[in-house]
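Trainee: quick one, fold the following:
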Amino acid sequence: MPSYLGAPLPLLQTIIVKSVCYTSSEYQPLELLGGDTSNLRSVKLSRVAIRWPTGNFVQLKYLKLKDVTYDSLTAQPLLDALRASPGLQVLKLIRMRGKEIPQPSPTITLHHLKHITLYNCALSLVECILGGIQAPSCTGLTLSILDQRSLDVPHFLDVTLKPFHPILRKLHRLHGGSEVILDFRGFEWHTGNHWDEEGLSMYMESFNDPTLTEWIDRTLKGESGLMIVFGHGGTFSEAVLRSVAPMRCVTKVAIGKSWDIGSVGSVLQFLSKPLTTSASLPSLPCLQELYLPPKGWNTRDLLEMVQARFCTLGWEATERTPLTIDVVKWGLWGRGGPGLPLDLATLVNIRKTSGVNLGGRKHPEGTLALVWNDEASEAVWF
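Mentor: Got it, this is the predicted structure:
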């Protein structure tokens, strides 16, 4: 293998090398293509140690490196390889570890780069790649940080990612909106099709801080269509809720399954409160859709929220954004089990509120539930 990869291979278009060993450090480094590489189109390497002299990679379209340690391939040769690959379309770096930081160099503009994946890589490499390249044609960005303890988050968001801010807005708009998930696992921001090589997926494990929601609000200024999902376990800290409250880009809120009625209730109470910066507007003033789980709340709390948003005297002079309320039958992450008992009289009062559509667009004729009408002694679709 070493002698083969080191030989001139002017006709070779694809290289796929995968080791059965768990780490690349168990192999002697391979000298990758020391000769003619002018026709190389695709390189996929997994768990191998390599040294990669800069060559003529003008035809390279696809580069995927997985579990390749810095012991053999440091950041600077990798940047040099990117600089020598002006036609690169897909870049995937997965679990690339190490601490070496290259010297500052001119920004690399990759006009044809469509998709970038940086998954659980060394933070120094993530900052090096994102800070060292520009990809004006990018239509897919996957970024996963599983250990942010040594990361200066504000600097990373506002400085390192600054060249990608227009791309983030473009992806949000291109895919008809995006969603932010806040729960005990961390922070996630993605578009609907983030599993393929299109769209946006950004994840920070075990990190949930107002810094992130405030940054998204600035990044999407003037946009709409963002959904906030309060997920498993409910991360509903006052600091996070305060940072979310003024976000005009948020038009949808979904609450995931929760066995704690207090957690769902805290979100409904949050939606009832006025903005601290403008008492004439409710929190999330542009909210159009609210999705509730099948359990963990009661109709009385929902009625109080609706009345606070639409009937408070101090807000009468301000036009309210119409709100559609829907109950997700099966929950946001699987089966929700039997739904909660619904009080017919309270539901009637909610439905009477001007500007509120109870039942959602997915139910025929606004049907929310089957309830028992005591006066008529019969079941009624409501």
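
Trainee: tell me if I'm right that residue 169 and residue 218 touch.
Mentor: No - the pair residue 169 / residue 218 is not scored as a contact, 10.7 Å apart, by Cβ atoms under 8 Å. (Glycine included, C-beta is placed from N, CA and C.)

Trainee: neighbour-wise, which of those two wins?
Mentor: Counted by other Cβ atoms under 10 Å, residue 169 and residue 218 do not tie: residue 169 has more neighbours, with 15 against 12.

Trainee: for residue 291, see how far away the more buried one is.
Mentor: Counting by Cβ to Cβ, to the nearest Å, the separation of residue 169 from residue 291 is 25 Å.

Trainee: ditto for residue 230
Mentor: Per Cβ to Cβ, residue 230 is found 10 Å from residue 291.

Trainee: find residues that contact each of those two.
Mentor: Common neighbours of residue 230 and residue 291 (criterion: Cβ atoms under 8 Å, 6 or more residues apart in numbering): 253-255.

Trainee: mind putting those residues into JSON lines with pLDDT and neighbour count?
Mentor: Below are the shared contacts of residue 230 and residue 291 laid out as JSON lines (pLDDT from 0 to 100; neighbours: other Cβ atoms under 10 Å):
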{"residue": "253", "pLDDT": "94", "neighbour count": "23"}
{"residue": "254", "pLDDT": "91", "neighbour count": "19"}
{"residue": "255", "pLDDT": "86", "neighbour count": "24"}
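
Trainee: those residues in strands, which ones?
Mentor: 253-255 (DSSP state E).

Trainee: let's verify the residue nearest the centre of the chain: helix, strand, or coil?
Mentor: The centre of the chain sits closest to residue 189, judged by Cα atoms, centre = their mean, with a distance of 1.7 Å. Following DSSP: H, G, I helix; E, B strand; the rest coil, we place residue 189 in the strand state.

Trainee: surely it and residue 216 touch.
Mentor: Yes - shown here, residue 189 and residue 216 form a contact pair, counting by Cβ under 8 Å, at 6.5 Å.

Trainee: what is in contact with these two at once?
Mentor: Shared contacts of residue 189 and residue 216, counting by Cβ under 8 Å, 6+ apart, come down to residue 180.

Trainee: now do the helices in the stretch 251-382 of the chain.
Mentor: 261-272, 299-311, 344-352 (DSSP state H, counting those that start in this stretch).

Trainee: show me what counts as buried in the longest one.
Mentor: It stands for helix 299-311. 299, 301-303, 305-306, 308-310 (16 or more other Cβ atoms under 10 Å).

Trainee: by contact count, what packs against that helix?
Mentor: Packing contacts for helix 299-311, counted by 3 or more Cβ pairs under 8 Å, 6 or more residues apart in numbering; DSSP states H and E, involve helix 261-272, strand 323-327, helix 344-352.

Trainee: the shortest one vs helix 261-272, what angle?
Mentor: So the one you mean is strand 323-327. Between strand 323-327 and helix 261-272, the angle comes out at 170 degrees (axes from the mean of the first three to the mean of the last three Cα atoms, to 10 degrees).

Trainee: how about the last one?
Mentor: What separates the directions of helix 344-352 and helix 261-272 is an angle of 30 degrees, with the same axes, to 10 degrees.

Trainee: name the residues of helix 344-352 that come out as buried.
Mentor: Of all the residues in helix 344-352, those buried under the rule 16+ other Cβ under 10 Å are 344, 346-347, 350-351.

Trainee: repeat that for the longest one.
Mentor: Residues of helix 261-272 classed as buried under the neighbour-count rule (16+ other Cβ under 10 Å) are 263-272.

Trainee: as TSV, these with pLDDT would be great.
Mentor: Converted to TSV, the buried residues of helix 261-272 look like this (pLDDT from 0 to 100):
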residue	pLDDT
263	73
264	81
265	82
266	83
267	86
268	90
269	89
270	90
271	92
272	92
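
Trainee: which one of those sits closest to residue 155?
Mentor: Of all these, residue 155 sits closest to residue 270, with 29.6 Å by Cβ to Cβ.

Trainee: okay, now the residue nearest to that closest one when sequence neighbours are not counted: neighbour count?
Mentor: Distance criterion Cβ to Cβ, 6 or more residues apart in numbering; nearest residue to residue 270, sequence neighbours excluded, is residue 241 at 4.9 Å. Burial of residue 241 is recorded as 21 neighbouring residues (other Cβ under 10 Å).

Trainee: quick one: pLDDT of residue 241?
Mentor: Note for residue 241: predicted pLDDT of 84.

Trainee: tell me how far the helix or strand harbouring it lies from the chain's centre.
Mentor: For residue 241, the host element (DSSP states H and E) is helix 238-244. Chain-centre distance of helix 238-244: 18 Å, with Cα atoms, centre = their mean, to the nearest Å.
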